[in-house]
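[1] can't give you the sequence, but here's the structure:
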């Protein structure tokens with residue numbers, strides 16, 4: 001998967017905190033939609049009210065779970081991105097008004113996925129770019145993307161599953177990043193494999209001190 005907006009995001013100082021400002025979130029999301037239009041000819045109409053609702057829901061969810069950032073910082077970044085991905089898929093602020101028409105060069109290999117689910121690709125690629133950019137700023141590395149993220153059959157399963165349960169978006173995001181998905185309780189931070197490994201299976205999550 002091409003990380004379309006990663007370099008631009010990574011160039012923003014203190015990206016992690018800027019993305020938690022509505023103005024920056026909306027601006028980067030719109031920029032991402034614009035990049036997809038340039039590459040594939042797909043045009044989106046973005047409902048600002050729904051986008052704002054997704055953002056506000058996400059900020060609240062992150063605040064409720066922020067204690068887990070102390071357990072495994074890298075994993076929490078992915079989980080937080082999964083939460084906003086879930087809200088974007090659930091509220092669907094982007095609607096396609098003109099479908100994909102073309103693709104050239106390296107972008108051509110993802111054309112079938114973009115054509116199959118243009119809204120889902122926008123949401124998912126945006127979140128993965130954000131994860132990669134934050135990782136680059138905080139850890140000096142960019143996470144590897146699993147090859148399943150380039151497979152249309154995976155996206156068929158992804159779209160079908162999140163239509164029934166939007167929380168599966170978090171599990172698929174983990175899968176795309178080569179992490180161990182939790183298919184049973186994907187939106188429960190305490191049930192994540194990285195959290196369990198860090199705390200130990202019998203270590204109560206309630207012992208984590210809130211910040």
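    That came in fine, so what should we check first? Small disclaimer: the values here were computed from a predicted structure and weren't measured.
[2] pLDDT wise, what is residue 200 at?
    We have a pLDDT of 81 for residue 200.
[3] Tell me which residues touch it, please.
    Residue 200 makes no contacts at all, as judged by C-beta atoms under 8 Å, 6 or more residues apart in numbering. (Each C-beta comes from the backbone N, C-alpha and C, glycine too.)
[4] could you measure it against residue 71, distance?
    11 Å (C-beta to C-beta, to the nearest Å).
[5] OK, contacts around the residue most central in space within the chain?
    For the chain, the residue nearest the mean C-alpha position is residue 127 (2.8 Å; C-alpha atoms, centre = their mean). Contacts for residue 127 (C-beta under 8 Å, 6+ apart) come out as 81-82, 84-85, 88, 173.
[6] cool, and residue 3?
    So residue 3 contacts 125, 128-129, 132, 142, 145 (C-beta under 8 Å, 6+ apart).
[7] Quick check on those residues: which are buried?
    Burial by neighbour count, 16 or more other C-beta atoms under 10 Å: within these this picks out 125, 128-129, 132, 145.
[8] In helices only, show me these.
    Using DSSP state H, 125, 128-129, 132 are the members of those that sit in helices.
[9] of the residues you listed, closest to residue 21?
    The shortest approach to residue 21 among those belongs to residue 129, at 17.3 Å (C-beta to C-beta).
[10] what's the closest of the buried ones among the contacts of residue 3 to residue 107?
    residue 125 (11.3 Å).
[11] Looking at the contacts of residue 3, spot the one nearest residue 188.
    Of all those, residue 128 has the smallest distance to residue 188: 21.5 Å, by C-beta to C-beta.
[12] For the nearest residue to residue 102 once chain neighbours are set aside, which residues are in contact?
    In space, residue 102 comes closest to residue 41 once its chain neighbours are excluded; the distance is 5.1 Å by C-beta to C-beta, 6 or more residues apart in numbering. Residue 41 makes contact with 98-102 under the criterion C-beta under 8 Å, 6+ apart.
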